[in-house]
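> Attaching a predicted model along with its sequence, questions to come.
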Amino acid sequence: MRKALLTGIALAALATMGACSPSDGNGNTDLTIVDKQAGDPKWTPFVDDFIAGWFRLDPGFAVYQGKHEFDGQLPDWTDAGLAKQKAFLHQAIQSAQHFTPETLSPQQRFERDYLVQVAKGKLFWLEDADSPHTNPAYYVGGGLDPNVYIARNYADKPTRMKAMIAFFGQVPTAAAAIRANLKTPMPRSFIDYGVAGFNGLGDFYAGDARQAFADVDDKGLQQQFADASAKAAKAMHDLGAWLASQKASANTDFALGSERFSKMLSATEGVDIPLDQLEAIGKADLAKNQAALKQACAQFAPGATIVACTAKMKANKPPEGPVAAARKQIPELRDFVVSHDIVSIPGTEEAKVEESPPYNRQNSAYIDPPGPFDKGIPSVYYISPPDPAWPKQVQLDFIPAKDDLLFTTIHEVMPGHFVQFLHANRSPSIFGQLFVGYAYAEGWAHYAEQMMWDAGYSDGDPEVHIGQLSNALLRDCRFLSAIGLHTKGMTQDQSRQMFVDECYQDEGTARQQAARGTYDPAYLNYTLGKLMILRLRDDWTASRGGRKAWKAFHDQFLSYGGPPIPLVRQAMMDEPTARALFPGQ
């Protein structure tokens, strides 16, 4: 997905709004938000000022949305720079609340609530969680990756190369600010993440980034690039070495605690619910998916254990390889979406499928959709090959199973993130075009996996169902692990064991997921978002024809772009307040 969705911390740290004007759905961006005769005429100038101000404070986010006048710039992560962000957000909330419901049009009221909610979410990570001073993930996913200059052909290579040279020139100053900000001792999982992240970026700057522009025939530019990238790489490696030296004093103090965890949900997603109730909702979904897996395994591998059953599914690899298999899956999924009236697919854009470039193979699969200001840039669904240096069996194990890959393709492309961002980039709301929240984005993509199975994809094939359920169970354990790690005293090892015992994940995946839960407490949002969407769909379609209204529901839901789901529920159900509801409530 877009850069802002790489991790929960990165999303919450970077999630924002921007643009100059909304789209009319046909690529035109010269409309006003509302009729000039309706609402408060001061609202649009206020929004424009907010956008311009935030782009200046977070130029990395602006670049990823296609605002290339900010190319080469990084945020100011000094204490003074962070203080400016906080002051800006507090002032934005205060000023937005001066616009009263009586003077605003319905669209303006929605956008005001949207803006306030996003600002509150950003402030949670800046102030309550104090992520800039406590969590390396704030920086690793927060602007230090210059992927946009390499992966998106928004300009010719020399132009993008110059942007990277300017970017590299900013990195040593940024690294010094990061080193000054991060407080020790810190949790071992945070240190491990930061060491891997900073050193990985350093390796990328000095290695693969240079290779990406090796064919630019300009010796002077190549020398500038080599010099700047070497200095940037050294700054990252020095930062990684310093963080590694802190391992001896590492602790396990990663938990937010119940109060801050609840505030995280409220501030970032608009979800206000007692944690015991939330945990019960997660346990109910886990039990439902475990029962479904048992039933599917009885058909697919009669008499086998659940572990043996899932291993059998995972052993069925696509013979043509995952990239070629995904290329075949997308048109088949598209045909099903169209023929079964699942959701509209706007525009003529397509998602290309490519092998991940060497500099970004830490992600097994991901999609990079262009921002709304990058025109004519295709979305690319990347799938990473195994490292050829690994033992043959490890390489084979890394290749996704046919049905694991199928639901990854559903999640990332059709009708998941790719379709979602086609709608977001055409949202009549400028916020929807640029700010797509964690629970909304991952909730939709994860919802799409279950929805496609429920709609009849694969005609009830139990092996395919096991692929879907394996992914669902992984997200159930994220949900329960986040709550346990941060509010119930769960240890990282207990989380790991839960992923193995309750969600049937392999040991390596379980270790990685348990560690992620410590520094990405919001990774419960996959299941949180999915369950809120399921409840909203059932409630909205109940009076509109049930299954026949799914397409209308999906189109309207996606038209909002990406606000907190309770706000979408309030608008779609015409309810007096925004609230989160889940199946079974």
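Thanks, I have it. Numbering: from 1, shown residues only.

> which residues does residue 275 contact?
258, 261, 262, 483, 487 (Cβ atoms under 8 Å, 6 or more residues apart in numbering). Where C-beta positions appear, they are placed from N, C-alpha and C, glycine not excepted.

> hmm, which two among these are most spread apart?
262 and 483 (10.3 Å; Cβ to Cβ).

> Which of those two has more residues huddled nearby?
Between residue 262 and residue 483, counted using other Cβ atoms under 10 Å, residue 483 has the larger neighbour count: 22 against 19.

> Against residue 477, how distant is that one?
11 Å (Cβ to Cβ, to the nearest Å).

> Counting by contacts, list what the host helix or strand of residue 331 packs against.
Residue 331 is part of helix 322-339, with elements assigned from DSSP states H and E. Applying 3 or more Cβ pairs under 8 Å, 6 or more residues apart in numbering; DSSP states H and E, we find helix 322-339 packed against strand 351-355, strand 379-383, helix 402-412.

> who wins for proximity to residue 544 among the ones you listed?
helix 402-412 (24.7 Å).

> what's the next secondary structure element after that closest one?
helix 417-424.

> tilt between that next one and strand 351-355?
140 degrees (axes from the mean of the first three to the mean of the last three Cα atoms, to 10 degrees).

> Relative to the whole chain's centre, how far out is the helix or strand following helix 417-424?
Using DSSP H and E, the helix or strand that follows helix 417-424 towards the C-terminus is helix 430-434. Here helix 430-434 shows a centroid-to-chain-centroid distance of 15 Å under the convention Cα atoms, centre = their mean, to the nearest Å.

> Kindly format the C-alpha coordinates of helix 430-434 as PDB.
Written as PDB, here are the backbone C-alpha positions of helix 430-434 (Å, rounded to 0.1, in the frame of the first residue of the first chain):
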ATOM      1  CA  ILE A 430     -10.100  15.900  -0.400                       C
ATOM      2  CA  PHE A 431      -9.600  14.100   2.900                       C
ATOM      3  CA  GLY A 432     -10.700  10.800   1.400                       C
ATOM      4  CA  GLN A 433      -8.300  11.200  -1.400                       C
ATOM      5  CA  LEU A 434      -5.300  11.500   0.800                       C
END
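
> That one - contacts with which helices or strands?
Counting contacts by 3+ Cβ pairs under 8 Å, 6+ apart, helix 430-434 is packed against helix 106-123.

> Name the residues of the helix holding residue 331 that come out as buried.
322, 323, 325, 326, 327, 329, 330, 333, 334, 336, 337 (16 or more other Cβ atoms under 10 Å).

> Just the C-alpha atoms of it, please, in CSV.
C-alpha atoms of helix 322-339 as CSV (Å, rounded to 0.1, in the frame of the first residue of the first chain):
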residue,chain,number,x,y,z
PRO,A,322,3.9,-16.7,-7.6
VAL,A,323,4.4,-13.7,-9.9
ALA,A,324,3.0,-15.6,-12.9
ALA,A,325,0.2,-17.1,-10.8
ALA,A,326,-0.8,-13.7,-9.4
ARG,A,327,-1.0,-12.3,-13.0
LYS,A,328,-3.5,-15.1,-13.8
GLN,A,329,-5.4,-14.6,-10.6
ILE,A,330,-6.2,-10.9,-11.1
PRO,A,331,-8.3,-11.2,-14.3
GLU,A,332,-10.1,-14.2,-12.8
LEU,A,333,-10.9,-12.3,-9.7
ARG,A,334,-12.0,-9.3,-11.7
ASP,A,335,-14.4,-11.4,-13.7
PHE,A,336,-15.9,-12.7,-10.5
VAL,A,337,-16.2,-9.2,-9.0
VAL,A,338,-18.0,-7.9,-12.1
SER,A,339,-20.2,-10.9,-12.8
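
> That one vs helix 402-412, what angle?
60 degrees.

> Give me the contact list for helix 322-339.
318, 320, 342-343, 345, 351, 353-355, 381, 383, 399-400, 402, 405-406, 408-410, 413-415, 419, 452, 455, 457.

> Please indicate which of the residues you listed are buried?
318, 342-343, 345, 351, 353, 381, 383, 399-400, 402, 405-406, 408-410, 413-415, 419, 452, 457.

> Next, report how far stretch 284-295 is displaced from the centre of its chain.
For stretch 284-295, the distance to the chain centre is 26 Å (Cα atoms, centre = their mean).

> okay, that stretch in PDB with CA atoms only?
Extracted in PDB, the C-alpha atoms of stretch 284-295 (Å, rounded to 0.1, in the frame of the first residue of the first chain):
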ATOM      1  CA  ALA A 284     -15.700 -14.900  19.400                       C
ATOM      2  CA  ASP A 285     -14.200 -14.300  15.900                       C
ATOM      3  CA  LEU A 286     -11.300 -16.500  16.700                       C
ATOM      4  CA  ALA A 287     -13.600 -19.300  17.800                       C
ATOM      5  CA  LYS A 288     -15.800 -18.900  14.700                       C
ATOM      6  CA  ASN A 289     -12.800 -19.200  12.400                       C
ATOM      7  CA  GLN A 290     -11.300 -22.100  14.300                       C
ATOM      8  CA  ALA A 291     -14.600 -24.000  14.000                       C
ATOM      9  CA  ALA A 292     -14.700 -23.200  10.300                       C
ATOM     10  CA  LEU A 293     -11.100 -24.400   9.800                       C
ATOM     11  CA  LYS A 294     -11.900 -27.700  11.600                       C
ATOM     12  CA  GLN A 295     -14.900 -28.200   9.300                       C
END
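
> for stretch 512-532, which positions count as buried?
Applying 16+ other Cβ under 10 Å to stretch 512-532 flags 513-532 as buried.

> Out of those residues, which sit inside helices?
Of the buried residues of stretch 512-532, the ones assigned to helices by DSSP state H are 513-519, 525-532.

> quick one: which two of the residues you listed are the most distant?
515 and 532, at 26.6 Å, using Cβ to Cβ across those.

> so which helix or strand takes in residue 463?
Here residue 463 is assigned to helix 462-487, by DSSP H and E.

> taking the mean pLDDT, what do you get for that helix?
Mean pLDDT, helix 462-487: 98.

> Quick check: what element follows that helix along the chain?
Using DSSP H and E, the helix or strand that follows helix 462-487 in sequence is helix 492-501.

> gap between that following helix and the chain center?
24 Å.

> pLDDT of it, averaged?
On average, helix 492-501 scores 97.

> buried set for that helix?
Going by 16+ other Cβ under 10 Å, helix 492-501 has these buried residues: 492, 495, 496, 498, 499, 500.

> if we look at that helix, which residues are touching it?
189, 252, 254, 474, 477, 480-481, 484-485, 505-507, 509-511, 513-515, 517-518.
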